[in-house]
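Colleague: pasted the sequence and its predicted model underneath.
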Amino acid sequence: MVVALALVFSQAIFFENYLIPIAILLASSLLMLFLRRRVDEVVADERDYALGGKAALWAIQVYSWFAVITMFILYSLRDINPSYEAIGMTLAFSTCILMLTYTLIFRYYSRVKFSDRRLVYTALILVIFVAMFILSLRVFSGEDGWICQDGQWVQHGNPDFPAPGSECK
């Protein structure tokens, strides 16, 4: 199943169709939720949950260190290629969002008692994060850049970097 999903994702991205991977990701997530709800037996114990928590914490810490070091390296090389600055800032913001998400979810699990409303709370938190993501895309998206129009790079606003060297399609 994972290989089939990876194949569909890679082919859709290769053909520059980004809606198919999003749709498949949503459909497969809903399928996994449906299948998990059908399991009646206990499939994990407390030790599994404790190990999962430690693994998640280590994964977040390792990613954060890697992303911050890479961000500093890319930011220092921004004179060579202005795109490095945007990549570095994306890593910095993604690291901040990851750490904030972890903190909020940790606090949620440590304070909220589980009940039948758990799904409602989870859905509400998910909607808030999606709204924050869309808002941050709008607020932090650069208005100064280059846009491809009629086969030529056209200046939009006042970009700090020259037109891309790649062919405009």
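Modeller: That came in fine, so what should we check first? Numbers count the residues shown, from 1 in each chain.
Colleague: list the contacts for Leu98?
Modeller: With contact taken as CB atoms under 8 Å, 6 or more residues apart in numbering, Leu98 is in contact with Ile60, Tyr63, Ser64. Heads up, the C-betas are built off the backbone N, CA and C, glycines and all.
Colleague: the last one against Ser94, yeah?
Modeller: Just to be clear, that refers to Ser64. No: Ser64 is not in contact with Ser94 according to CB atoms under 8 Å; the separation is 9.8 Å.
Colleague: ok, the two, which is more surrounded?
Modeller: Neighbours around Ser64 and Ser94, counted as other CB atoms under 10 Å, are more numerous at Ser64. The numbers are 17 against 14.
Colleague: how about the nearest residue to that one, chain neighbours excluded?
Modeller: Residue nearest to Ser64 in three dimensions, not counting chain neighbours: Thr95, with 5.2 Å by CB to CB, 6 or more residues apart in numbering.
Colleague: before we move on, what SS does the residue located most distally from the centre of the chain have?
Modeller: The outermost residue of the chain relative to its centre, with distances by CA atoms, centre = their mean, is Glu41 at 32.6 Å. Each residue gets one of three states, and Glu41 gets coil by DSSP: H, G, I helix; E, B strand; the rest coil.
Colleague: could you measure from it over to Ile134?
Modeller: With the distance defined as CB to CB, to the nearest Å, Glu41 ends up 39 Å from Ile134.
Colleague: just Pro82 next, same as before
Modeller: Distance from Pro82 to Ile134, counting by CB to CB: 26 Å.
Colleague: between the two, who's got more neighbours?
Modeller: Pro82 (13 against 10).
Colleague: contact partners for that one?
Modeller: Counting by CB under 8 Å, 6+ apart, Pro82 makes contact with Asp160, Phe161, Pro162.
Colleague: repeat that for Leu104.
Modeller: By CB under 8 Å, 6+ apart, Leu104 lies in contact with Ile125.
Colleague: wait, which of the contacts of Leu98 is closest to Glu16?
Modeller: Tyr63 (27.5 Å; CB to CB).
Colleague: local confidence estimate at the nearest residue to that closest one once chain neighbours are set aside?
Modeller: Closest residue in space to Tyr63, ignoring its immediate chain neighbours: Leu98 at 6.9 Å, by CB to CB, 6+ apart. At Leu98, the model reports a pLDDT of 88.
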